[in-house]
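Asker: Have a look at this prediction, sequence included:
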Amino acid sequence: MKTLEFISIDAWTIIFQICNLLILFLLVRKFLWKRVMAVLDARQKEIDGIYDAAGKDRDEAAQLKQTYTERMSGAREEADRLVRNAVDTAQNRGDAIVKEAQAEAAHLKQKAESEIEQEKRKAYSELMGEISGMAADIAGRMVEREINAEDHRQLVEEFIKSAGDAS
């Protein structure tokens with residue numbers, strides 16, 4: 001029967017167990033509950049602070065990204081503007097160089113044409129001088145003697161020969 005005592009249920013033991021549990025609950029509530037709740041509240045506040053700081057950091061990062069994006073677009077616009085100015089300046093300088101070269105070429109062409117015209121006049125004057133001299137020489141020979149058709153032909157041939165030799 002000893003086995004029955006081991007399994008048996010005693011009402012007084014159950015009542016004492018319930019009373020012990022109730023006393024333990026009241027003692028824990030009286031002495032530990034406020035401290036445990038204070039620790040839990042402090043931990044919750046710390047966690048909330050961490051989340052708030054993370055949110056602020058995220059907002060600040062978003063604002064910094066926006067500022068960076070704006071500055072980069074401004075820098076791109078500035079770079080584009082500088083490139084356009086450089087291209088315009090180079091184009092204007094190139095146009096000026098071409099105009100200067102064209103003006104110089106026109107001046108050189110005009111100078112060359114002037115020199116050619118002067119050389120033509122000089123050659124013409126020299127040729128006229130030689131022809132005048134030859135004509136005077138022929139006239140002098142013609143005056144010295146009487147000329148017939150054969151003599152006239154010979155004088156012209158001599159004139160042509162002497163004009164060829166002179167040149």
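Answerer: Nice, I can see it.

Asker: what about I9, which SS state?
Answerer: Here I9 is recorded as coil under DSSP: H, G, I helix; E, B strand; the rest coil.

Asker: which regions of the chain lie under the pLDDT threshold?
Answerer: The chain contains residues with pLDDT under 70 at 1-7, 141-147, 163-167.

Asker: Grab the most central residue of it for me.
Answerer: Most central in the chain under CA atoms, centre = their mean is V83, positioned 4.1 Å from the mean C-alpha point.

Asker: Please identify which helix or strand holds it.
Answerer: Applying DSSP states H and E as the criterion places V83 in helix 33-144.

Asker: Quick one: list the elements packing against the helix or strand just after that helix.
Answerer: Beyond helix 33-144 on the C-terminal side, the first helix or strand identified by DSSP H and E is helix 149-166. Counting contacts by 3 or more CB pairs under 8 Å, 6 or more residues apart in numbering; DSSP states H and E, helix 149-166 is packed against helix 33-144. Heads up, the C-betas are built off the backbone N, CA and C, glycines and all.

Asker: Next, the angle helix 149-166 makes with the helix it packs on.
Answerer: 150 degrees (axes from the mean of the first three to the mean of the last three CA atoms, to 10 degrees).

Asker: Packing partners of helix 33-144?
Answerer: Checking 3+ CB pairs under 8 Å, 6+ apart, helix 33-144 ends up next to helix 149-166.

Asker: Give the buried residues for the helix it packs on.
Answerer: Buried positions in helix 149-166, judged by neighbour count with 16 or more other CB atoms under 10 Å: 155, 159.

Asker: ok, how many other residues are close to the residue lying closest to S162 once chain neighbours are set aside?
Answerer: In space, S162 comes closest to M134 once its chain neighbours are excluded; the distance is 6.3 Å by CB to CB, 6 or more residues apart in numbering. If you count neighbours by other CB atoms under 10 Å, M134 ends up with 16.
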